[in-house]
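Chemist: return a 3D structure for these sequence lines:
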Amino acid sequence: MTNAHRRKKNPEQVRLQLLESARRLALENGLGAVSIEVVAAEAGVTKGGLFHHFPNKKALIDAVFQHMLRDFEADLERRMAVDADEYGRFTRAYIRSVFEDGAEDQWGPLWMATLNDPELRRIWGGWFQSRVSEAGETDLQFETARFSADGVWLGQMFGVAPSDTLALEQHLIAMTRTRP
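Modeler: Numbering: from 1, shown residues only. Here you go, the predicted model:
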């Protein structure tokens, strides 16, 4: 008898186990390598149990993306909560996320998935634009700092790092504190 048959029914816990199993597999091998069979086995759920929560692999991947996006947002919120200066707070949190976590972090599969999936790009773009607008950080200085951080992240993906990472991070952070 498997754990799935002995476990007390808790659909939200099972769904979370499936998402976390898929996330772990994505971190190790990329989202494209996530398989229904392996996710179900790792979560201790039957394939039928997985299909009860996610009708197909695309739905599972989309849910993993949404789950990771919520976690990323919570991470940014934590970073913003400890920043006493409201001006530029979102962009500083974003920059720090890139420099402190790097490209090989827990968010890597999230961003890489958007390259190949137009729907995920639309979701990410909508989320990101709404956060930038909500923070009121739409001017060129903030954009320059965020796009520079994105370039650092992409460079890290390919094994290219700034000559002085700390100095660059400090420079970008300073850009968010200077009012135009």
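
Chemist: start and end of stretch 148-166, how far apart?
Modeler: 14 Å (C-alpha to C-alpha, to the nearest Å).

Chemist: would you mark the buried spots in it?
Modeler: S148, A149, V152, W153, Q156, P162 (16 or more other C-beta atoms under 10 Å). From N, CA and C alone the C-beta is placed, and that goes for glycine too.

Chemist: how far does the helix ranked longest in the chain sit from its chain's centre?
Modeler: The residue-count maximum for a helix in the chain (DSSP state H) belongs to helix 57-81. Its chain's average C-alpha position is 5 Å from that of helix 57-81, according to C-alpha atoms, centre = their mean, to the nearest Å.

Chemist: and the following helix or strand past it, what does it pack against?
Modeler: Towards the C-terminus, the helix or strand next in line after helix 57-81, according to DSSP states H and E, is helix 89-101. Applying 3 or more C-beta pairs under 8 Å, 6 or more residues apart in numbering; DSSP states H and E, one finds that helix 89-101 contacts helix 57-81, helix 118-135, helix 140-157, helix 165-175.

Chemist: and if we set it to 6 Å?
Modeler: For helix 89-101, the contact count by 3 or more C-beta pairs under 6 Å, 6 or more residues apart in numbering; DSSP states H and E identifies helix 57-81, helix 140-157, helix 165-175 as packing neighbours.
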